[in-house]
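In: Got a predicted structure plus its sequence, pasted below:
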Amino acid sequence: MADRTGSRRRWFFPLRPFLSSVRKQSPSGPPSQDTGTAEQTEHYDHNHHHPPLLLNLPNEMILNVASFLDRGSQILLSLSCRQLRCLLLNHCYLDLTPSGSGGGVDKTTKVRFLRLLELDQPKYLTCRSCGLLYLWRVREFSGYGCPRENHHASSDVRLSYGQWIRRGGEKRYLYVRREVVDLICQAHMRGPDHGLPLSFCNVSGLDDTGVFHTNEARVVDGQFLLASRTEVEVGSGREAAMMIDRITLSNMCLHVRATVGTLDDISKTLKRALGSMALDSEMSEVFKCSFCETDHRMRMKKGRGNLTTMVLEVWRNYGQLDENRLSTEQIFHRDPVMRIDTVTISRRDVRAAFEAQTSDVL
């Protein structure tokens, strides 16, 4: 440690004037092959573009500068070119495994760096659960999920629970999972080569029981929102009561369905309201999830001919790319433990956000 500190002190004072002199240089020919500097041949092209000035520094100074960086920054520097990769790999600890950990990989760090590689390699996607970098387009049949998902730890599975949303038509469900959200957000931010278009979620159709489903996706202020609508006309009485159970069970938020008693309470509330409705009357009930940013609204209208029209609307906010807000992070959690405070829930209106004029519909 003493030697390393001393080395830093010896190089610290002349570093500024040296860098100033390097910046003032205007090389007119190809870089030299001096063995005392980082290899530069690969960076000199036929158009005589000047090589990065960092590569003009002696290897000893590059290593000294790198010694001031944390391991993550050293790894980033090593990824900039082959020459720096070879130099730093031979003199710095660039493994993502923490020192003295006995081989345990720092998954968070690994995922962070692999996601940086996605910027230049859009055909790849990083699994947040195991850190695997995989070709995502060939995984369409599995909802673009990780090839190793059957081997993920149970704790990771509970944090990445996909949502089956009714869509109608031949394909009965739209499967929205964390990977799909990442791909849609990446395509919106970086271009179509980096992911899926919003139209991936813009699907509608009539299912085999006569229920019509509509799904529409938008990006509003950088946030990915999905609106789902389920509409059906049924006879009043017992048939209407059974339909309430059916459409709420298959279309409401994962947490509403998984929390013991919540779905039953909602169903009883709707059935009581239905029983007290007069002819040509309408009612509307709003239910907001306490764990994620999902709002529901059930509208019912009792018409003539003993028919009742039901419309269940669900608005989901999946947030932005790499966002870590509790409400958007927990949207894929199978068993969330932290409830959103009641003040935030009362002020939340995902429907209004979805209908905002600033939305980008692609």
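Out: Good, I have the coordinates.

In: What count of nearby residues applies to residue 207?
Out: Residues near residue 207, counting by other Cβ atoms under 10 Å, number 17. Every residue, glycine included, has its C-beta placed from N, CA and C.

In: How confident was the prediction at it?
Out: Residue 207 is assigned 87 on the pLDDT scale.

In: any idea how far it is from residue 190?
Out: Noted for residue 207: a distance of 35 Å to residue 190, by Cβ to Cβ, to the nearest Å.

In: where's the strand or helix carrying residue 249 relative to the chain centroid, distance-wise?
Out: Using DSSP states H and E, residue 249 sits within helix 238-251. A distance of 32 Å separates the C-alpha centroid of helix 238-251 from that of its chain, computed with Cα atoms, centre = their mean, to the nearest Å.

In: Helix or strand for the closest residue to residue 350 other than its chain neighbours, just tell me which one.
Out: The shortest distance from residue 350 to any non-neighbouring residue, by Cβ to Cβ, 6 or more residues apart in numbering, is to residue 315 (3.9 Å). Assigned by DSSP H and E, residue 315 belongs to strand 307-319.

In: So for that strand, mean pLDDT?
Out: Strand 307-319 comes out at a mean pLDDT of 94.

In: Run through the strands of this protein in chain order.
Out: Assigned by DSSP state E, the strands in the chain fall at 124-126, 133-135, 163-166, 173-176, 204-206, 212-220, 223-235, 282-288, 294-302, 307-319, 359-360.

In: any chance of the ones you listed in JSON lines, plus distance to residue 334 and mean neighbour count?
Out: Below are the strands of the chain laid out as JSON lines (distance: least, Cβ to Cβ, whole Å; neighbours: other Cβ atoms under 10 Å):
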{"stretch": "strand 124-126", "distance to residue 334": "21", "mean neighbour count": "22"}
{"stretch": "strand 133-135", "distance to residue 334": "23", "mean neighbour count": "16"}
{"stretch": "strand 163-166", "distance to residue 334": "11", "mean neighbour count": "19"}
{"stretch": "strand 173-176", "distance to residue 334": "14", "mean neighbour count": "20"}
{"stretch": "strand 204-206", "distance to residue 334": "28", "mean neighbour count": "14"}
{"stretch": "strand 212-220", "distance to residue 334": "22", "mean neighbour count": "20"}
{"stretch": "strand 223-235", "distance to residue 334": "19", "mean neighbour count": "21"}
{"stretch": "strand 282-288", "distance to residue 334": "19", "mean neighbour count": "15"}
{"stretch": "strand 294-302", "distance to residue 334": "15", "mean neighbour count": "20"}
{"stretch": "strand 307-319", "distance to residue 334": "16", "mean neighbour count": "21"}
{"stretch": "strand 359-360", "distance to residue 334": "30", "mean neighbour count": "12"}
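
In: Which of those has the lowest mean pLDDT?
Out: strand 359-360 - the lowest mean pLDDT of those, at a mean of 52.

In: In contact with the nearest residue to residue 165 once chain neighbours are set aside, which residues?
Out: Nearest non-adjacent residue to residue 165, counting by Cβ to Cβ, 6+ apart: residue 174, 4.5 Å away. The neighbours of residue 174, taking Cβ atoms under 8 Å, 6 or more residues apart in numbering as the test, are 164-167, 201, 203, 215.

In: switch to 10 Å and redo it
Out: Applying Cβ atoms under 10 Å, 6 or more residues apart in numbering to residue 174 gives the contacts 143, 163-168, 180, 200-203, 213, 215, 217, 226, 228.

In: now do residue 246
Out: 209, 211, 230, 232, 234, 310.

In: related to what we said a few turns ago, and the strands of the chain as TSV, adding distance to residue 342?
Out: Shown next, in TSV, are the strands of the chain (distance: least, Cβ to Cβ, whole Å):
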stretch	distance to residue 342
strand 124-126	36
strand 133-135	41
strand 163-166	24
strand 173-176	27
strand 204-206	34
strand 212-220	24
strand 223-235	22
strand 282-288	10
strand 294-302	14
strand 307-319	18
strand 359-360	28
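
In: Tell me, how many residues neighbour residue 158?
Out: Residue 158 has 14 neighbouring residues, counting by other Cβ under 10 Å.

In: now do residue 82
Out: 12.

In: same deal with the one 4 residues further on?
Out: Residue 86 is surrounded by 13 other residues when neighbours are defined as other Cβ under 10 Å.
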